[in-house]
Every structure is written in C-alpha cells, then in structure tokens.
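Undergrad: The following block contains a protein sequence and its predicted model.
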Amino acid sequence: MRVLITDDEPLAVQGLEMTVRRVLGDDAEIFTAQHWETAVELAGAEAPDVVFLDIEMPGMSGLELAKRLKDVRPDTDIVFVTAYPEYSLDAWRLHVSDYLLKPADEDDVREALDNLRHPPVNVPADESARLRVQCFGNFEVFGPDGRPLIFKRSGAKELFAYLVVRRGAGATLAELCGVLWDDEDDIEKKKPYLRTYFAALKKTLAGVGMADAVRHTRDSYAVNTRFLDCDYYRFLAMDPVAVNSYRSEFMSQYSWAEMFIGPLEDKLQQGDT
C-alpha cells in the first residue's frame, strides 16, 4: 500500500508514520509532506492509495487540500487526522474515508485502513510499470514497455479516452452511449456495442498485464487511476513538465474532448497568478 502523510508539524508526521508502519509493515511505501504544495506534487507523481491529512495547515487548509487531491485523483482515499472534531461535518461532505482525532493509535489507523471507500488493488509500485497515457495532442496509450497499444476497435480506444478524463469516477452505460453516439436517438440499441468495446478494451489491456486498469460494476465503468501515468492528471497537479507540454490541444481526434479545453486554460491562468 502507498500512503501519503501530510501535516505541518514534523513530530506529528513522524509519530503517525511510525504508527502506520507498525500497522502495515515494511512493505508499505510511505511518503510525507509538511506543505500543501509538496502533498499535491506527491499525490500526482506517486499515486498514493490513501492520504492521512491534517486539517489545520498554513497556506491551504486540509479541507481545501482534500478537494485539490480529489480533483487530481477522485478515487484517492482521504483520512483526516486532526485535533478539531468540529470539522467532521465538512469532512464527511467531501466523502472522506475516515476522520480520526489526534493522537491516532494503531487501532484507529487499522480500522481506517480496513474500511477504505476505494480499497487498493495490486498496483505496480514502479512508475515505469504503468500505462503512460497521453491526452495532450492526440490521445495515445503506451504499455509498460513503452510501445503504443494497438486497439483493434477504435470504439474501445475512445471509450478508454472518456474513462481517463473521468479520472476514476464511474460512468454509466447511458452516459457513455450519449458521448460515443451523440447523434443516436435510441441509446438502448448501442448498449450491446458498448459492452463489446469494453470487452475489447479489457483484452487489449490484459495483453500488457494491465487488465485491472479498468473496472466495471453492474451499470458503471471506470479507470483505476493508480495504473496510469497521465499528462492530464499531472497537469491538474500543476506538474511543471506537464504544464509546459500543454499546447491547447486535448484528445484532438474526439470532438467531445473540446469541452475540457476551457477548464484547462482556466487552470493554466490560475497557475500564472
């Protein structure tokens, strides 16, 4: 499991890191941050499964930071660890996984990790062993070996593109049909095609050992962002390399992707201020 601990107090970080280590053992990868900017950078680069987050922090409150982290990766589990119980209602409105009062002991941490909203799957720890997803310019996907993935069905590739921009949030069959066939009146007729596209997508990803990069429930489809190294996600975290690579082109081969250019431009301007 990959864990990010964020608190502006060094002793608090050290104490919680020791507690988490005792619960998870030596196999856990633990990252720490004492400033919100470092936390955002680590969240984008390291894709932690869970973030233990203090609420009272200088520069940006923990509540604001949680929103920022959720914007980068919606399926990130947030566990607040704070000395202020009055924030609990605001925290739950953010759909956090748990809310612990300081000092959190081993039982508190263990219970929080056992009841995460998004239980982690077996994700490659090595960043180079993930899929590299290019959203700026044309949408392209590269396997862990660096070679571009060949999608035998163009619809499967477009489906994956839309799931990528959803950043881990689920999309229903009806929503996906509306995006892929926006000029089709009878969406029900398209649902079998969509299921075929998803099966083809799953097969393509399985061919490079990444079948778990997508998931579906009864009527919802999503990506697991922890399997992806994506320029779009890094941009949202304001990673300098990703920001500099953006040239006002986003998934250029798909007309529906134009709706995302405006928010990207707005975020770029906000970053300059």
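TA: Here it is on my side, so go on.
Undergrad: Isn't His35 up against Leu42?
TA: No. Counting by CB atoms under 8 Å, His35 does not reach Leu42; the two are 10.5 Å apart. Heads up, the C-betas are built off the backbone N, CA and C, glycines and all.
Undergrad: Please enumerate the helices of the stretch 101-250 of the chain.
TA: For the stretch 101-250 of the chain, helices defined by DSSP state H, counting those that start in this stretch occupy the ranges 106-114, 154-166, 173-180, 191-206, 231-236, 240-245.
Undergrad: quick check: angle from the longest one to helix 154-166?
TA: Orientation of helix 191-206 against helix 154-166 (axes from the mean of the first three to the mean of the last three CA atoms, to 10 degrees) gives an angle of 80 degrees.
Undergrad: who's in contact with helix 191-206?
TA: With contact meaning CB atoms under 8 Å, 6 or more residues apart in numbering, helix 191-206 is reached by 131, 149-153, 155-157, 159-160, 173, 176-177, 180, 211, 213-214, 216, 221.
Undergrad: still on that earlier bit, out of the helices of the stretch 101-250 of the chain, flag the one nearest Pro263.
TA: Pro263 lies closest to helix 231-236 among these, at 9.5 Å (CB to CB).
Undergrad: which secondary structure elements does the closest one contact?
TA: helix 36-46, helix 62-72, strand 131-134, helix 240-245, helix 261-272 (3 or more CB pairs under 8 Å, 6 or more residues apart in numbering; DSSP states H and E).
Undergrad: Report all helices and strands that the second one contacts.
TA: Same thing as helix 62-72. Contacts defined by 3+ CB pairs under 8 Å, 6+ apart place helix 62-72 against helix 36-46, strand 50-53, strand 77-82, helix 88-93, helix 231-236.
Undergrad: between His35 and Leu42, which one's more packed in?
TA: Taking other CB atoms under 10 Å, His35 and Leu42 do not tie; Leu42 has more neighbours (20 against 15).
Undergrad: still on that earlier bit, quick one: which of the helices and strands packed on helix 62-72 has the weakest pLDDT on average?
TA: Between the helices and strands packed on helix 62-72, the one with the least mean pLDDT is helix 88-93; it has a mean of 60.
Undergrad: and the most centrally placed residue in the chain, what pLDDT?
TA: Taking CA atoms, centre = their mean, the centroid of the chain lies closest to Arg73, which sits 2.5 Å from it. Arg73 is assigned a predicted lDDT (pLDDT) of 73.
Undergrad: Check the gap between the nearest residue to it once chain neighbours are set aside and Asp54 for me.
TA: Distances taken as CB to CB, 6 or more residues apart in numbering place Thr225 nearest to Arg73, at 4.9 Å, with adjacent residues excluded. Look at Thr225 and Asp54: by CB to CB, to the nearest Å, they are 24 Å apart.
Undergrad: Among those two, which residue is more densely surrounded?
TA: Thr225 (26 against 23).
Undergrad: ok, the more buried one - contacts?
TA: Per CB under 8 Å, 6+ apart, neighbours of Thr225: Ala47, Arg73, Pro74, Asp75, Arg167, Gly168, Tyr233.
Undergrad: which residues touch the residue nearest to the fourth one when sequence neighbours are not counted?
TA: When the adjacent residues along the chain are set aside, Asp75 lies closest to Gly168, with 3.6 Å between them (CB to CB, 6+ apart). Gly168 sits next to Arg73, Pro74, Asp75, His118, Ala222, Val223, Asn224, Thr225 when contact means CB under 8 Å, 6+ apart.
Undergrad: could you redo the last one with a cut-off of 10 Å?
TA: 70, 72-76, 118, 215, 222-226, 228, 233 (CB atoms under 10 Å, 6 or more residues apart in numbering).
Undergrad: Please apply the same query to Leu65.
TA: 6, 33, 35-37, 39-40, 43, 51, 53-55, 57, 59, 78.
Undergrad: and it, how far is that from Met1?
TA: Distance, Leu65 to Met1, using CB to CB: 21 Å.
Undergrad: can you check Lys152 too?
TA: 35 Å.
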